[in-house]
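kindly generate the corresponding structure for this input.
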Amino acid sequence: MINQVKIAIISDIHGNSWALEAVLEDIKKRGVTDVVNLGDSLTGPLDPRRTAEKLQFHKITSIKGNQDRLILKPTEEFIESSTYTYVKEQLSSDDLLWLDQQSETLSLNEDIFLCHGTPSSDEAHLLEEVTQHGVYLRNSEEIEKDVKDIKKSVICCAHSHVPRTVYLPTGQIVLNPGSVGMPAYVDDLPYPHHMESGNPHANYVVLNKNNGPWTIEHLVVPYNWNAAADKATENGRDDWAKWIKLGRI
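This is a model prediction of the structure:
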């Protein structure tokens, strides 16, 4: 039985080394020594090389997200994108090997399960339902179906970039730490939609357990988002620059 745990959960950095640096500094100030990363670490028109270096230097346990998988096994559409070309040019063979060695899901200990999307898909949202009318919090029954084979007390997911904590009737906690480096984005699938955190800060979670129930701290950390936005603009992505500076579409 776990008695004492203090662990930081980060995700969806998307190559934003400026945000990652600020989050790691905040984690250090809080005396947290264990950090795990839920994926989508490097893809984007920002700073994938320095992001990869920082994650490896700090030996941060990481799993693959769908965008990490696409770097390694790109679709024809992704290969033709300027983002793919930029990211591949930035990364070394050692970086790619580090990425390839990551698992898609992970049981962190007897109490915590990690996935990027859902336990069975890195492209699906666990806590959100995307419809033609908008994005909504899924009902408990649907979430329970996706985690029915997971017996851990805490299930950590990512992918939507929206910080959330949901308590299920089973007693399990499902949380999304939000995005370290990309607070808003648009997507076409399964319907055109957008995700927004509403602010430009870097988001992450600290999980605490000390001879009692879990406590969850959702944290927002200021950083030099103008530097990250300027890099996006330099690489021809004014849309990313706007999302980074505003946290909105």
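
ranges for the helices of this structure?
17-29, 48-57, 66-72, 76-79, 82-90, 93-100, 140-146, 225-234, 238-246 (DSSP state H).

stretch 46-64: how far from the chain's middle?
Stretch 46-64 sits 13 Å away from the centroid of its parent chain (C-alpha atoms, centre = their mean, to the nearest Å).

relative to Lys64, how far out is Gln102?
Distance from Gln102 to Lys64, counting by C-beta to C-beta, to the nearest Å: 5 Å. In this view, the C-beta of every residue, glycine as well, is placed from N, C-alpha and C.

so these two - more neighbours on which side?
Lys64 (24 against 18; other C-beta atoms under 10 Å).

okay, the longest strand seen in the chain in PDB with CA atoms only?
Using DSSP state E, we find that the single longest strand of the chain is strand 202-210. Provided in PDB are the C-alpha atoms of strand 202-210 (Å, rounded to 0.1, in the frame of the first residue of the first chain):
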ATOM      1  CA  ALA A 202       1.900  26.400 -18.700                       C
ATOM      2  CA  ASN A 203      -0.300  23.800 -17.000                       C
ATOM      3  CA  TYR A 204       0.600  20.700 -14.900                       C
ATOM      4  CA  VAL A 205      -0.500  18.700 -11.900                       C
ATOM      5  CA  VAL A 206       1.000  17.600  -8.600                       C
ATOM      6  CA  LEU A 207      -0.400  14.500  -7.100                       C
ATOM      7  CA  ASN A 208      -0.100  14.100  -3.400                       C
ATOM      8  CA  LYS A 209      -0.800  11.100  -1.100                       C
ATOM      9  CA  ASN A 210       0.200  11.000   2.600                       C
END
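
list the buried ones in that strand?
Neighbour counts over strand 202-210 (16 or more other C-beta atoms under 10 Å) mark 202-207, 209 as buried.

tabulate the helices of the chain (TSV), appending mean neighbour count.
As requested, the helices of the chain are arranged in TSV below (neighbours: other C-beta atoms under 10 Å):
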stretch	mean neighbour count
helix 17-29	21
helix 48-57	19
helix 66-72	20
helix 76-79	10
helix 82-90	16
helix 93-100	14
helix 140-146	15
helix 225-234	19
helix 238-246	20
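
got those as JSON lines, with mean pLDDT and distance to Gly39 columns?
Output for the helices of the chain, formatted as JSON lines (pLDDT from 0 to 100; distance: least, C-beta to C-beta, whole Å):
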{"stretch": "helix 17-29", "mean pLDDT": "98", "distance to Gly39": "13"}
{"stretch": "helix 48-57", "mean pLDDT": "98", "distance to Gly39": "11"}
{"stretch": "helix 66-72", "mean pLDDT": "96", "distance to Gly39": "6"}
{"stretch": "helix 76-79", "mean pLDDT": "93", "distance to Gly39": "16"}
{"stretch": "helix 82-90", "mean pLDDT": "95", "distance to Gly39": "15"}
{"stretch": "helix 93-100", "mean pLDDT": "98", "distance to Gly39": "10"}
{"stretch": "helix 140-146", "mean pLDDT": "98", "distance to Gly39": "17"}
{"stretch": "helix 225-234", "mean pLDDT": "98", "distance to Gly39": "19"}
{"stretch": "helix 238-246", "mean pLDDT": "98", "distance to Gly39": "19"}
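
using TSV, lay out those together with distance to Thr165.
Output for the helices of the chain, formatted as TSV (distance: least, C-beta to C-beta, whole Å):
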stretch	distance to Thr165
helix 17-29	18
helix 48-57	24
helix 66-72	22
helix 76-79	32
helix 82-90	31
helix 93-100	28
helix 140-146	12
helix 225-234	24
helix 238-246	23
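
ok, Ala202 - contacts?
Ala202 makes contacts with 16, 19-20, 22-23, 179-181, 220-223, as judged by C-beta atoms under 8 Å, 6 or more residues apart in numbering.
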